[in-house]
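Colleague: Pasting a predicted model and its sequence here:
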Amino acid sequence: MKYFFATLVVSSLMVGCGGGDSKLVAKSSASTVLVIPAAGVSCKTYLTTTDGSLPTSDISSSYFRIPKITFTKSNKANNMYIAAIKVSFLVPGDSAPRDCTYGGDDLAALYYQPTGGTLTPTPWWNIPSREALIPAGTSTVTTNCPMYCGGIDVKSSFSSTATMEIVGYEQAPGSDLQEPVKVYSTFQIQSPL
C-alpha cells in the first residue's frame, strides 16, 4: 500500500471553499516542501510497531512530508470532525494529478501522546466515528507527527503547486445535525535532484 502524503508547508491560512468566514482554518509551518529521494516510515507504522523492533519503511521512495498542521475552529462550543485530508499535485510527465489521502488510522496517527512508555492516540481520534475530532471546549489542535506522501519517482528537478483539501463536519454536542466543512490551501513541492 502506497502512502501518498505530502510534506507540505503552508504558510497561508486555509480558507473555506464557499468564501467568507470559515468554520475551520488549517495552517502548516512551511510554504515549500522538498522531495526526499528515499523511503520513509509513517506515523501509523511507528505507533503500531510494539515489539521493540525498528519500524519498516512503508512510504515509497521518493516522498515529501508535512511536519505539522494546526487546526483552529471558529465555534469553540461545537465538535469539529475531520474525516479526510487530501493532497493533489502534478508531477512533470504525468497527464493527471496525483492524490495522497489520509483517513482512518493514518489520520489518527498524526496526533499522539506518550503514555507510560508507549505512544497512544489523544482525544483527537474519535473511536466511534473513526474520524479526527477537535472536541467542544477546545479551539485549536496541532498534529505532532508528519504526513508523508511517497512514490514520487522522478529523476530530474521540478517544482509543482500542490493543493491540500480537508473535509469534515461541525456538530453541536447532543445534536444529530452535521454541517459540512471543506477547507483548502496551496503549497509548493520542490525536487532538488
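Modeller: Looks like it came in fine. Residues are numbered from 1 along each chain as shown.

Colleague: Helices along the protein, start to end?
Modeller: Using DSSP state H, the helices found in the chain span residues 43-48, 104-108.

Colleague: Report all helices and strands that the shortest one contacts.
Modeller: It refers to helix 104-108. helix 43-48, strand 79-89, strand 131-134 (3 or more CB pairs under 8 Å, 6 or more residues apart in numbering; DSSP states H and E). To be clear about C-beta, it is placed using only N, CA and C from the backbone, and glycine gets the same treatment.

Colleague: Buried residues of that helix, list them for me.
Modeller: By neighbour count on 16 or more other CB atoms under 10 Å, the buried set for helix 104-108 is 106-108.

Colleague: Specify which residues of the chain, grouped into ranges, have pLDDT under the cut-off.
Modeller: 1-21, 51, 113-123, 193 (pLDDT under 70).

Colleague: So which residue of it lies furthest out from the middle?
Modeller: What lies farthest from the middle of the chain is residue 174; by CA atoms, centre = their mean that is 27.7 Å.

Colleague: from memory residue 72 sits against residue 24, does it?
Modeller: Yes. The pair formed by residue 72 and residue 24 meets the contact definition of CB atoms under 8 Å, at 7.3 Å.

Colleague: More neighbours: the two, which one.
Modeller: Between residue 72 and residue 24, counting by other CB atoms under 10 Å, residue 24 is the more crowded of the two (22 against 18).

Colleague: what bridges to that one?
Modeller: On the basis of DSSP bridges, residue 24 is bridged to residue 73.

Colleague: now it: how far from residue 60?
Modeller: According to CB to CB, to the nearest Å, residue 24 and residue 60 sit 30 Å apart.
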